[in-house]
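Engineer: from the sequence below, what's the structure:
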Amino acid sequence: MFGFLKKSPDSDPTRATDAGDAANAPTASWRQRLKAGLARTRAQLGGKLKTLFARGKVDDELLEDLEALLLTSDVGLDATQHLLYQLRMRAKRDKLDTPEAIQRALAEALYDLLRPLEEALDVGQHRPFIIMLAGVNGAGKTTSIGKLAKHYQAQGLSVLLAAGDTFRAAAREQLQTWGERNNVTVIAQQSGDPAAVIFDAMAAARARGIDIVLADTAGRLPTQLHLMDEIAKVRRVIQKADPSAPHETLLVLDATFGQNAVQQVMAFDKAIQVTGLVLTKLDGSAKGGVLAAISRQCPKPVRFIGVGEGIDDLRPFSARDFVDALFE
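Structural biologist: Just a heads-up that it's a prediction; the model follows:
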């Protein structure tokens, strides 16, 4: 868990803001930060791929070794088999016979697999646009809300935060800290029903002409069925306040969870109809391949990815940038 009893760097808004200031230096573009953030995954794949592809031919031995490598990078069995099939077909069609050509073919197969996940979130269809966020404790959900608030403010949009995680006082205080730093109003209660907090936030947003409401919810494990029922109740209450809402239901995933992230997507989708994903902590994981597994097993648009502590280190997902950062 993250919170004030045990502060991790990712959960400290002050440190995150400082890191964001450093990340904004002219020498650090988003592509550079993305490449740095994916360093562990690239190290897991890159060096070993070069050794495999040095053989200069796509044969059964290479495919067998590549299968093991992809599986250890949490690409998942289904996606691994898909990528191996694509590589085999491209090798036969294009007569691949150099390490560079083989790697390029694998990179393009991965890009084709991830490209359907790249779908920008359009927040201009409703006002206020209600975004409900869910995820297990420790995934970086509350921190992501603070970063999203900054992201939308930079677009000239007004934002209001709803502290719907009433089960953890630290979550409410953390969100209020983000609100103060971003100069954003936070609707919160000392205790009470999370659905009621979000209901009040929606009413306040309508009264104040707010563009976007970011609604936090309590973290929970997919196996905690009674708590999953509670978050489903939050969604129903939101719909009573606005039948078209929530307009986006984001599930925040910790990239270090690997294949467990796939199970989370399936469980939360069943409970609250997930419409988009936020993948955090890619910089702390060698398991960036989980995006390929998600694409094959439970495809959902990846709205944002996070690769660092900085407030600007959460950006819209680009399949091309992601693949290039892995293979460059």
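Engineer: so what touches the helix or strand where Tyr111 lies?
Structural biologist: Using DSSP states H and E, Tyr111 sits within helix 99-114. Contacts of helix 99-114 with the rest of the structure, by Cβ atoms under 8 Å, 6 or more residues apart in numbering, involve 49-50, 53-56, 58, 66, 79, 82-83, 86-87, 90-91, 94, 96, 291-292, 295-296, 319-320, 322-324, 326-327. Where you see a C-beta, it was placed from the backbone N, CA and C, and this is true even at glycine.
Engineer: again, only using 7 Å
Structural biologist: Helix 99-114 is touched from outside by 49-50, 53-54, 56, 58, 79, 82-83, 86-87, 90-91, 96, 291-292, 295, 319-320, 322-323, 327, with contacts defined as Cβ atoms under 7 Å, 6 or more residues apart in numbering.
Engineer: count the residues that sit near Ala218.
Structural biologist: 19 (other Cβ atoms under 10 Å).
Engineer: my bad, should have said Ser29
Structural biologist: By other Cβ under 10 Å, the residues close to Ser29 number 11.
Engineer: pLDDT value on the residue nearest to Pro301 when sequence neighbours are not counted, please?
Structural biologist: Excluding its sequence neighbours, the residue lying closest to Pro301 (Cβ to Cβ, 6 or more residues apart in numbering) is Glu119, at 3.8 Å. As predicted, Glu119 sits at a pLDDT of 95.
Engineer: kindly report the same for the one 3 residues further on.
Structural biologist: You'll see Asp122 listed with a pLDDT of 95.
Engineer: hang on, the earlier thing: for the residue nearest to Pro301, grab phi and psi.
Structural biologist: Note on Glu119: backbone dihedrals following degrees, to the nearest 10 are phi -150, psi 110.
Engineer: again with Ile212
Structural biologist: Here the main-chain torsion angles of Ile212 (degrees, to the nearest 10) amount to phi -130, psi 140.
Engineer: again, but for the one 3 residues further on
Structural biologist: With angles defined as degrees, to the nearest 10, Ala215 shows backbone torsions of phi -100, psi 110.
Engineer: quick one: it and Leu69, what's the gap?
Structural biologist: For Ala215, the distance to Leu69 equals 40 Å [Cβ to Cβ, to the nearest Å].
Engineer: which of those two has more residues huddled nearby?
Structural biologist: The residue with more neighbours, out of Ala215 and Leu69, is Ala215; 31 against 18, by other Cβ under 10 Å.
Engineer: need the next SSE after the helix or strand bottoming out on mean pLDDT in the chain, C-terminal direction.
Structural biologist: Ranked by mean pLDDT, DSSP states H and E, the weakest helix or strand in the chain is helix 13-23, scoring a mean of 39. The C-terminal neighbour of helix 13-23 among helices and strands, as given by DSSP H and E, is helix 30-37.
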